[in-house]
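Asks: let's see this in three dimensions:
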Amino acid sequence: MHWLDALYLKLTARQPLFVRGWGDVERPLDEVPALLTRSVPRPLALEFLPTSPRIDEAFVASPAPLLDPQMGPLHVVRLRAKGPTRARLIVPPSWGDEGFWMRRHLVDALRYRGVEVWLFEGAYFGSRRAAGQVKVGLHTVGDFLRMGLANVHETRALVATALEREPRLPVLLAGYSMAGQMSAHAAASLDLEVPVTVMAPPENASVVFCSGPLSKSVSWSALGDDAVSRLAAVLQKLSVLSQPPPRSRHRAVVATRRDGIVPPASMLALATHWSVTPTWVDSGHLGAYALRASTLRAAMLDTMESADAHRGEGFGPQPAVK
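Replies: I've put the predicted structure just below:
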């Protein structure tokens, strides 16, 4: 385990999860088969307004069907490319990713390579928390499932929106940790050629919340008898391994060798399912994100440039991303 992961697990006070028990699990599970079957969603009516010289924002109704109105509209931030735009990258939120600063740390430098980045704030976090929710402490397992399904719905809709807006520009997906799993689900369920880079992704959430250090956050007593096996069975229904690989052959998995949050074996299982060789980073979950961001950006660029070369339109010589 990387020292940053160990320090985080030792010093960070984690908000208890599922203190109100299971909640409504059946309705989200009923949505899973249709959502994860290949299709093309309707684009969103996004109207971006500039908020700074390089940043635009938009608010639009979420396409996710099971969210309570209190979750508010979908908030999308567009980081415009510096110079001609050569590609659009959509990055969903990771666990506990409230606002946009964490992802901007990772992707801001890509704007200097002609990449326009779209970010959105996920349901149940930040301005979209449930009533009475404290930090990341989702009240029920049903809330957790709704969060995941909303992320996939919203990611898919933004891909369709970006493609409709300017079909000549390639649209790509990328995500770290939970966002990697959500990006994998979205890419695999889109009946479109969408290159995708997933970094430190669990193939399903049970490997994070039913075993390992983060299982200590779960209020097991609120879930009753056989809670661990029951929760694992529910979360495994949303495994990336249950879907065919994405249509695009331009897909990549970055795995963190000393990860104390997501088991490296889970990342390897996803890479094997996708028939790709993972790029191993000798760091942990927090260490790779905080200290090896340039390596993660390089992996995203490799996927972009591979896809672009296949289109026969090279990006051309560009400065290195720091």
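Asks: from now on I want contacts and neighbour counts done on CA atoms only, so please keep to that.
Replies: Noted.
Asks: what's the burial count for the residue nearest to Asp259 when sequence neighbours are not counted?
Replies: Counting by Cα to Cα, 6 or more residues apart in numbering, Asp259 lies nearest to Gly284, which is 3.9 Å off, once chain neighbours are set aside. The burial metric for Gly284, expressed as a neighbour count using other Cα atoms under 10 Å, is 27.
Asks: His2 versus Gly284, what's the distance?
Replies: When Cα to Cα, to the nearest Å is applied, the distance between Gly284 and His2 equals 5 Å.
Asks: what do the two both touch?
Replies: Taking Cα atoms under 8 Å, 6 or more residues apart in numbering as the criterion, Gly284 and His2 both touch Arg258, Asp259, Gly260.
Asks: I'd like the distance between the last one and Ser242.
Replies: Going back to what we said before, that points to Gly260. Look at Gly260 and Ser242: by Cα to Cα, they are 25 Å apart.
Asks: neighbour count winner among those two?
Replies: Neighbours were tallied for Gly260 and for Ser242 using other Cα under 10 Å; the higher tally belongs to Gly260 (24 against 14).
Asks: ok, that one to His310 distance?
Replies: As judged by Cα to Cα, Gly260 and His310 stand 36 Å apart.
Asks: could you do Tyr124 as well?
Replies: Tyr124 is 38 Å from His310, where distance means Cα to Cα.
Asks: those two: who's more crowded?
Replies: Relative neighbour count places Tyr124 above the other of Tyr124 and His310, with 28 against 11, counting by other Cα under 10 Å.
Asks: now for the more buried one: which residues touch it?
Replies: Contact analysis of Tyr124 by Cα under 8 Å, 6+ apart lists Met71, Ala130, Val136, Leu138, Met147.
Asks: turn these into a markdown table, including pLDDT and secondary structure.
Replies: A markdown table is the format used below for the contacts of Tyr124 (pLDDT from 0 to 100; DSSP: H, G, I helix; E, B strand; the rest coil):
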| residue | pLDDT | secondary structure |
| --- | --- | --- |
| Met71 | 92 | helix |
| Ala130 | 94 | coil |
| Val136 | 89 | coil |
| Leu138 | 96 | coil |
| Met147 | 97 | helix |
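Asks: which one among those gets closest to Asp97?
Replies: Nearest to Asp97 among the contacts of Tyr124: Val136, at 9.0 Å, using Cα to Cα.
Asks: ignoring the adjacent residues along the chain, who's closest to the closest one?
Replies: Nearest in space to Val136, with sequence neighbours left out and distances taken as Cα to Cα, 6+ apart, is Gly96 at 5.7 Å.
Asks: alpha carbons of stretch 192-207, as CSV, please.
Replies: Listed next in CSV are the C-alpha coordinates belonging to stretch 192-207 (Å, rounded to 0.1, in the frame of the first residue of the first chain):
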residue,chain,number,x,y,z
LEU,A,192,-21.2,4.7,-30.6
GLU,A,193,-17.5,4.7,-31.2
VAL,A,194,-16.3,6.4,-28.0
PRO,A,195,-12.6,6.0,-27.0
VAL,A,196,-12.2,5.6,-23.2
THR,A,197,-9.4,5.7,-20.6
VAL,A,198,-10.2,4.4,-17.2
MET,A,199,-7.8,4.9,-14.3
ALA,A,200,-7.7,2.9,-11.0
PRO,A,201,-11.2,1.6,-11.7
PRO,A,202,-13.0,-1.1,-9.7
GLU,A,203,-14.9,-3.4,-11.9
ASN,A,204,-17.7,-3.3,-9.4
ALA,A,205,-18.1,-1.4,-6.1
SER,A,206,-18.3,-4.4,-3.9
VAL,A,207,-14.5,-4.8,-4.0
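Asks: gap between the residue of the chain most remote from its centre and Leu231?
Replies: Distance to the chain centre peaks in the chain at Asp225, reaching 31.4 Å (criterion: Cα atoms, centre = their mean). Spatial separation of Asp225 from Leu231 under the definition Cα to Cα is 11 Å.
Asks: what do you get for Pro28?
Replies: When distance is defined by Cα to Cα, Pro28 is 14 Å away from Leu231.
Asks: same thing with Ala205?
Replies: 10 Å.
Asks: which ones among the shared contacts of Gly284 and His2 lie within strands?
Replies: Among the shared contacts of Gly284 and His2, no member is found in strands (DSSP state E).
Asks: thinking again about what came up before, would you mind telling me which of Ala205 and Leu231 has more residues around it?
Replies: For Ala205 versus Leu231, the count of surrounding residues by other Cα under 10 Å is larger for Ala205: 23 against 18.
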